[in-house]
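Trainee: what follows is a protein structure lacking sequence information:
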């Protein structure tokens, strides 16, 4: 099941192709692609409705797109064969959008915390800087959907062993996914200076993926 190659007519193949084409376009027309396709905070003057979907196919650099497309290739193709192309596409889009919803929800709480304050303090001055960053900094990438895919794989094939490029020791999927999720949750809460990764988007994709699999798992006939 895990080594059957990638069908050019599959959803997985076409998702990878779209991501690569979008990345190539963004290397040629960097500024207009970021302005129109990366997802800005909804209250930002840079926000456009098309960004809600388009941001899932944008990537910041070669390392970013390679990591996401490698995950999509390794685990997405398996899930597509299990679920079928239509259900897999629904899952991919739902987890990607769910990741954006949670991430933007966290951003909204930060904005509310600042705008709802009557007595600014030194901390609020720092929050004002954060507020300006929220309005001006977009989020982009397929990572939310990829985390949903990882969670789904870990739930359907918990005892399958994964060999990581940077950690060449076999590890069961259930342990890898759990550890990765806890790391992303911790990193999102810690919010360390200089960390530009949208950790809560990853958490959101994982949570939406978990919920969807739980719902779909009530009817197990299509799973095996």
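Mentor: Looks like it arrived, so ask away. Keep in mind that this is a model prediction, so the values were computed, not measured.
Trainee: point out where this protein drops to low pLDDT.
Mentor: Within the chain, the ranges that satisfy pLDDT under 70 run 1-5, 115-128, 165-167, 194-195, 219-224.
Trainee: the residue most central in space within it is in what secondary structure piece?
Mentor: Closest residue to the average C-alpha location of the chain: residue 144 at 1.3 Å, with C-alpha atoms, centre = their mean. Under the assignment given by DSSP states H and E, the secondary-structure element containing residue 144 is helix 143-156.
Trainee: quick check: next helix or strand after that helix?
Mentor: Once the chain leaves helix 143-156, the next helix or strand it forms, by DSSP H and E, is strand 161-162.
Trainee: what helices or strands is that next one leaning on?
Mentor: Using 3 or more C-beta pairs under 8 Å, 6 or more residues apart in numbering; DSSP states H and E as the contact criterion, the elements in contact with strand 161-162 are strand 171-172, helix 173-190. For the C-beta atoms, the positions are set from N, CA and C on the backbone; glycine is no exception.
Trainee: can you lay out those as TSV showing distance to residue 131 and mean neighbour count?
Mentor: Compiled in TSV, the helices and strands packed on strand 161-162 are given as follows (distance: least, C-beta to C-beta, whole Å; neighbours: other C-beta atoms under 10 Å):
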stretch	distance to residue 131	mean neighbour count
strand 171-172	40	14
helix 173-190	18	15
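Trainee: residue 104 is nearest to which of those?
Mentor: With C-beta to C-beta as the criterion, residue 104 lies closest to helix 173-190 of the helices and strands packed on strand 161-162, at 13.5 Å.
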